[in-house]
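J.: Let's see this in three dimensions:
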Amino acid sequence: MLSEARKLHVIKEVLKIKNEATLSALEDFLKKNKVKAKKQNRTESAFSEFSGIWTKEEAEEIEKAIEESCETINPDDWK
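T.: This is a model prediction of the structure:
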């Protein structure tokens, strides 16, 4: 029952929020936590701890670097 009382306290505090940025940050946190909980329910691979640590921009930069260097075939390399 202690956790139910804590939940009610949190709800009361959320209802007092007047700052839009704070409310948005709380929503983002709850969404990320929900996604994280779903991921933990799946069978985790050895690399699961690294999932989601890059920003979208960082992931795009890495993908571009891979495309430019690793996915380029040099016909002379096969001789």
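
J.: Checking residue 72 next. Helix, strand or coil?
T.: What DSSP: H, G, I helix; E, B strand; the rest coil gives for residue 72 is coil.

J.: Against residue 52, how distant is it?
T.: 28 Å (CB to CB, to the nearest Å). Using the backbone N, CA and C atoms, a C-beta is placed for each residue, glycine as well.

J.: What backbone torsions are found at residue 52?
T.: phi 80, psi 10 (degrees, to the nearest 10).

J.: Could you check how many residues crowd around it?
T.: Look at residue 52: counted by other CB atoms under 10 Å, it has 12 neighbours.

J.: Would you mind checking which helix or strand in the chain has the lowest mean pLDDT?
T.: helix 20-41 (a mean of 85; mean pLDDT, DSSP states H and E).

J.: which residues touch that one?
T.: Residues outside helix 20-41 that contact it (CB atoms under 8 Å, 6 or more residues apart in numbering) are 14, 17, 48, 51.

J.: Rebuild those as a markdown table, extending it with distance to residue 2, secondary structure and pLDDT.
T.: Below are these laid out as a markdown table (distance: CB to CB, whole Å; DSSP: H, G, I helix; E, B strand; the rest coil; pLDDT from 0 to 100):
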| residue | distance to residue 2 | secondary structure | pLDDT |
| --- | --- | --- | --- |
| 14 | 19 | helix | 93 |
| 17 | 24 | coil | 93 |
| 48 | 31 | helix | 70 |
| 51 | 32 | coil | 78 |
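
J.: May I ask which two of those are separated the most?
T.: 17 and 48 (33.0 Å; CB to CB).

J.: which residue is nearest the centroid of this structure?
T.: By CA atoms, centre = their mean, the chain has its centre lying nearest to residue 52, at 4.4 Å.

J.: how much space between residue 25 and residue 76?
T.: Residue 25 is 53 Å from residue 76, by CB to CB.

J.: Which of these two has more residues huddled nearby?
T.: More neighbours surround residue 25 than the other of residue 25 and residue 76, with 12 against 6 (other CB under 10 Å).
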